[in-house]
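Colleague: From the sequence below, what's the structure:
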Amino acid sequence: MSQLCLSAALLVLLGTLVAGTLGSEATTRPRPVFCLEPPYTGPCKVKIIRYFLYFRYFHDTKSGFCETFVYGGRNAKNNNFKMGEDCVRTCGEVAAMSFETVD
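Modeller: Predicted structure coming up:
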């Protein structure tokens, strides 16, 4: 299970780093109104689908960056992107991820 979590975290990190290279041109255009919406996880409580966490991107108005959240799988709102690149292109930049260690 820990290998699975590590793989999922590395996948998200890689997507975030790649998407971060697109941020400079996206911030010069006005953002759509739905970029101001909070992330919506949906009504489903299923957090693991086919052994992978179902990560999506949303634009966080407080930080000004696209960040990840775990999506339940149904009734997505507009501020819900499968790819970090799409979030950046539509709403703004991608935040750098940080990992905290637990002692």
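
Colleague: What segments of this protein are strands?
Modeller: Using DSSP state E, the strands of the chain run over 48-49, 52-53, 55-60, 65-70, 93-94.

Colleague: looking at these, which has the lowest confidence?
Modeller: The weakest mean pLDDT among these belongs to strand 48-49, with a mean of 54.

Colleague: Residue 80 and residue 72 touch, don't they?
Modeller: No. Checked against CB atoms under 8 Å, the pair residue 80 and residue 72 is beyond contact range at 10.6 Å. Any C-beta I mention is one placed from the backbone N, CA and C, and that applies to glycine too.

Colleague: The two: who's more crowded?
Modeller: residue 80 (21 against 17; other CB atoms under 10 Å).

Colleague: And for the more buried one, nearest residue in space, chain neighbours not counted?
Modeller: Distances taken as CB to CB, 6 or more residues apart in numbering put residue 56 closest to residue 80, at 5.2 Å, once the chain neighbours are dropped.

Colleague: Please report how far residue 75 lies from residue 91.
Modeller: Taking CB to CB, to the nearest Å as the measure, residue 75 falls 20 Å from residue 91.

Colleague: which of the two has more neighbours?
Modeller: Taking other CB under 10 Å, residue 75 and residue 91 do not tie; residue 91 has more neighbours (27 against 11).

Colleague: Mean pLDDT per element in this structure, and the minimum belongs to which helix or strand?
Modeller: Lowest on mean pLDDT, DSSP states H and E among the helices and strands of the chain sits helix 23-26, with a mean of 45.

Colleague: Look up which residues are beta-bridged to residue 69.
Modeller: Beta bridges link residue 69 to residue 56, judged by DSSP bridges.

Colleague: So what's the residue count around it?
Modeller: Count around residue 69 with other CB under 10 Å applied: 15.
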